[in-house]
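In: Sequence first, predicted model second:
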Amino acid sequence: MTLLMVWTNKPNDPTAINIASDSLLSADDGKGGQISWQYATKIHRLHPTREYFGYCGDSFVALSAIASAVATISNSDHLHKVDEKEAPTVDARAMAIHEHLRHTFPLIPTAWRRPATLLLAGWDSRKECFSVWRLELSDKDVAAPVAIDLTSKRVHCFGSGAASAKSRLSELEKKGVVNTQGIVKALHDVILDGKETSVGGAPQMVMLTKESDVPVGFWWSSDGGKGTRHLFGLPIHLSSKMENVSWREPATFDERPFVPFKRVDA
């Protein structure tokens with residue numbers, strides 16, 4: 001499973017919505033144990049829109065659904081439009097994706113079908129509000145999408161790590177500091193805690209505003225070192241500044257821009 005979280009930057013009149021998750025994949029090794037991989041991208045853009053998917057649950061099912069949805073939406077006659085005057089609602093895209101998956105999901109071999117949760121989030125220019133839709137895929141079918149009431153709770157958590165995250169968030173609520181900094185710290189702490197073995201890898205995140213999407217990269221090290229840049233779960237070894245990315249320290253959410261190495265000849 002995983003830990004998937006979604007929240008607005010403030011409870012009233014929000015100007016951004018955030019999606020964050022861990023980066024761990026785990027599966028049975030066929031010998032009574034488990035194998036895991038700490039570099040899975042679990043947040044994906046619904047191109048060409050500025051809406052994003054986040055997922056938890058079975059990766060094969062979820063990633064197949066996301067890839068299929070991107071291909072369908074990006075090549076449709078209307079659903080791909082991003083101009084405010086012509087763009088459809090987030091609701092319409094969620095409903096269309098469900099209709100598509102409802103017919104394609106049965107094509108997956110029964111033995112390969114396992115539960116997965118998809119979230120589709122973005123700014124709805126038609127309704128002038130942030131919108132998040134949840135699609136549940138089971139071993140039998142794809143349930144109708146459900147709108148998440150962003151005002152019902154400060155942070156919505158999904159996946160096997162949800163209980164651990166909620167416990168940490170409740171402590172923040174007692175202190176009155178349930179903000180993005182504290183929420184990311186909660187994700188960071190659940191990952192490093194080690195008690196939830198299905199949560200791990202670097203945090204990954206995207207901030208969606210009314211006008212843009214801002215990927216958040218983290219300086220990550222599981223052993224307490226200075227860390228290397230990770231973006232959507234993967235280490236980045238390019239020398240590019242990637243100025244569209246907001247580079248952060250996961251424990252404090254402080255900004256830490258990347259400074260490329262410059263050779264100085266003697």
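Out: It's in.
In: ok, which stretches of the stretch 1-150 of the chain are helices?
Out: Remark: helices of the stretch 1-150 of the chain, listed N- to C-terminal, are 59-74, 90-104; assignment by DSSP state H, counting those that start in this stretch.
In: got a markdown table for these, with mean pLDDT and distance to W7 too?
Out: C-beta coordinates here come from the backbone N, C-alpha and C atoms, glycine included. A markdown table is the format used below for those (pLDDT from 0 to 100; distance: least, C-beta to C-beta, whole Å):
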| stretch | mean pLDDT | distance to W7 |
| --- | --- | --- |
| helix 59-74 | 95 | 21 |
| helix 90-104 | 95 | 17 |
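In: can you list these in CSV and add mean neighbour count?
Out: Output for the helices of the stretch 1-150 of the chain, formatted as CSV (neighbours: other C-beta atoms under 10 Å):
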stretch, mean neighbour count
helix 59-74, 18
helix 90-104, 19
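In: Could you say which one of these comes nearest to E243?
Out: helix 59-74 (24.9 Å; C-beta to C-beta).
In: quick revisit: please identify which of the helices of the stretch 1-150 of the chain is closest to W219.
Out: Using C-beta to C-beta as the criterion, the shortest distance between W219 and the helices of the stretch 1-150 of the chain is 25.2 Å, found for helix 59-74.
In: Extract the C-alpha set from the closest one and format it as PDB.
Out: Listed in PDB are the C-alpha atoms of helix 59-74, where the atom choice follows Å, rounded to 0.1, in the frame of the first residue of the first chain:
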ATOM      1  CA  SER A  59       0.600  -0.200  -8.500                       C
ATOM      2  CA  PHE A  60      -0.100  -2.400 -11.600                       C
ATOM      3  CA  VAL A  61      -3.800  -1.600 -11.500                       C
ATOM      4  CA  ALA A  62      -3.300   2.100 -10.500                       C
ATOM      5  CA  LEU A  63      -0.600   2.900 -13.100                       C
ATOM      6  CA  SER A  64      -2.500   1.100 -15.800                       C
ATOM      7  CA  ALA A  65      -5.600   3.200 -15.000                       C
ATOM      8  CA  ILE A  66      -3.600   6.400 -14.900                       C
ATOM      9  CA  ALA A  67      -1.800   5.800 -18.200                       C
ATOM     10  CA  SER A  68      -5.100   4.800 -19.800                       C
ATOM     11  CA  ALA A  69      -6.800   7.900 -18.500                       C
ATOM     12  CA  VAL A  70      -4.100  10.200 -19.700                       C
ATOM     13  CA  ALA A  71      -4.200   8.700 -23.200                       C
ATOM     14  CA  THR A  72      -8.000   9.100 -23.300                       C
ATOM     15  CA  ILE A  73      -8.300  12.600 -21.900                       C
ATOM     16  CA  SER A  74      -5.300  14.100 -23.900                       C
END
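In: Who are the packing partners of that helix?
Out: Here helix 59-74 touches strand 52-57, helix 90-104, strand 116-124, strand 129-137, going by 3 or more C-beta pairs under 8 Å, 6 or more residues apart in numbering; DSSP states H and E.
In: make it 6 Å
Out: Taking 3 or more C-beta pairs under 6 Å, 6 or more residues apart in numbering; DSSP states H and E as contact, the helices and strands that helix 59-74 lies on are helix 90-104.
In: In the stretch 151-266 of the chain, where is pLDDT below threshold?
Out: Of all residues in the stretch 151-266 of the chain, those with pLDDT under 70 make up the ranges 222-225, 261-266.
In: So which residues of it form helices?
Out: Across the stretch 151-266 of the chain, reading from the start of the chain, the helices by DSSP H, counting those that start in this stretch fall at 162-175, 180-193.
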